[in-house]
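Engineer: sequence isn't available, so here's the structure alone:
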């Protein structure tokens, strides 16, 4: 299973490089269901892996002049504070068994996976929706207050489930920050990098212990995939792949919820 997991890590990187979305969603899924890592630990691994993977992509976008650093930092400021608080304090305080009866046990891991499944279903809509539709939306004036509040929400979700939140960040940057789609994608990668790495730092400072040998190996495959995906994106229209990928995410989200509730 480990070989399969590392092969999937490479494919995760290719997906990030091609369409700029879905990295954290796929990473947590592979870590939990293929590598056998607990959901809580998988969120920590995911934050570090996605943070570094997004950094590689962000550097490429920055080199092309497709990142609005000022708006990205404004968005990320409340987000990374929320991520750090969630990882260092909130997640550490949630008990492993939240509720237990004679017939049912509601655990911390189950709560994380259920929210993660719901998040995947929400992400599928954003991924399926074409960028033309997003660009066609009637855009209000730049609203920094809404960007700030969106940053808080994204930070809370990122901290809880270990997902970068690109499917929420990109529409917010297009609609409320009035960024062109390509610039929104690049700026989103910058925000995801900051959020994810601060989340990982929160875990490290809280004393979370990781298998660094495994983590670095998984990361190496993912980053290699990102580089290959970036190369392929010059020859393959990633936009044409998005709908199929979005439907796949939708099916996976529904499967996770069913597996965690009905198939236990």
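Structural biologist: Now that the structure is in, tell me what you want to look at. Because the structure is a prediction, the values reported are computed rather than measured.

Engineer: what about the nearest residue to residue 48 once chain neighbours are set aside, helix or strand, and which?
Structural biologist: Among residues not flanking residue 48 along the chain, residue 200 sits closest, at 4.3 Å (Cβ to Cβ, 6 or more residues apart in numbering). No exception for glycine: its C-beta is placed from N, CA and C like everyone else's. Using DSSP states H and E, residue 200 falls within helix 181-205.

Engineer: hmm, who's touching the next helix or strand after that helix?
Structural biologist: Using DSSP H and E, the helix or strand that directly follows helix 181-205 along the chain is helix 212-232. Defining contact as Cβ atoms under 8 Å, 6 or more residues apart in numbering, one finds that helix 212-232 is touched by 5-7, 9-18, 23, 27, 31, 45, 48-49, 52-53, 56-57, 60.

Engineer: how about the residue nearest to residue 48, what does it touch?
Structural biologist: So residue 200 contacts 44, 47-48, 51, 87 (Cβ under 8 Å, 6+ apart).

Engineer: if we go to 10 Å?
Structural biologist: For residue 200, the contact set (Cβ atoms under 10 Å, 6 or more residues apart in numbering) comprises 43-52, 83-84, 87, 162, 208, 210, 215.

Engineer: check residue 151 too.
Structural biologist: So residue 151 contacts 74-83, 165, 168-169, 172, 191, 195 (Cβ under 10 Å, 6+ apart).

Engineer: of those, closest to residue 243?
Structural biologist: Nearest to residue 243 among those: residue 168, at 18.9 Å, using Cβ to Cβ.

Engineer: what about the closest one, how many residues nearby?
Structural biologist: Neighbours of residue 168 under the rule other Cβ atoms under 10 Å: 21.

Engineer: quickly find the element holding it.
Structural biologist: helix 166-175.

Engineer: could I get the average pLDDT for that helix?
Structural biologist: Computed over helix 166-175, the mean pLDDT rounds to 76.

Engineer: counting contacts, what elements does it pack onto?
Structural biologist: For helix 166-175, the packing partners by 3 or more Cβ pairs under 10 Å, 6 or more residues apart in numbering; DSSP states H and E come out as helix 23-33, helix 69-85, helix 108-128, helix 131-136, helix 144-161, helix 181-205.

Engineer: 7 Å - rerun?
Structural biologist: helix 108-128, helix 131-136, helix 144-161, helix 181-205 (3 or more Cβ pairs under 7 Å, 6 or more residues apart in numbering; DSSP states H and E).

Engineer: would you reformat those helices as CSV and include distance to residue 231 and mean pLDDT?
Structural biologist: Shown next, in CSV, are the helices and strands packed on helix 166-175 (distance: least, Cβ to Cβ, whole Å; pLDDT from 0 to 100):
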stretch, distance to residue 231, mean pLDDT
helix 108-128, 22, 84
helix 131-136, 21, 52
helix 144-161, 28, 84
helix 181-205, 17, 84
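
Engineer: and among these, the most buried is which?
Structural biologist: Highest mean neighbour count among the helices and strands packed on helix 166-175 (mean count of other Cβ atoms under 10 Å): helix 181-205, with a mean of 25.

Engineer: and that helix, how far out from the chain's middle?
Structural biologist: Here helix 181-205 shows a centroid-to-chain-centroid distance of 9 Å under the convention Cα atoms, centre = their mean, to the nearest Å.

Engineer: now swap in stretch 70-80 and tell me
Structural biologist: That offset, for stretch 70-80, works out to 16 Å (Cα atoms, centre = their mean).
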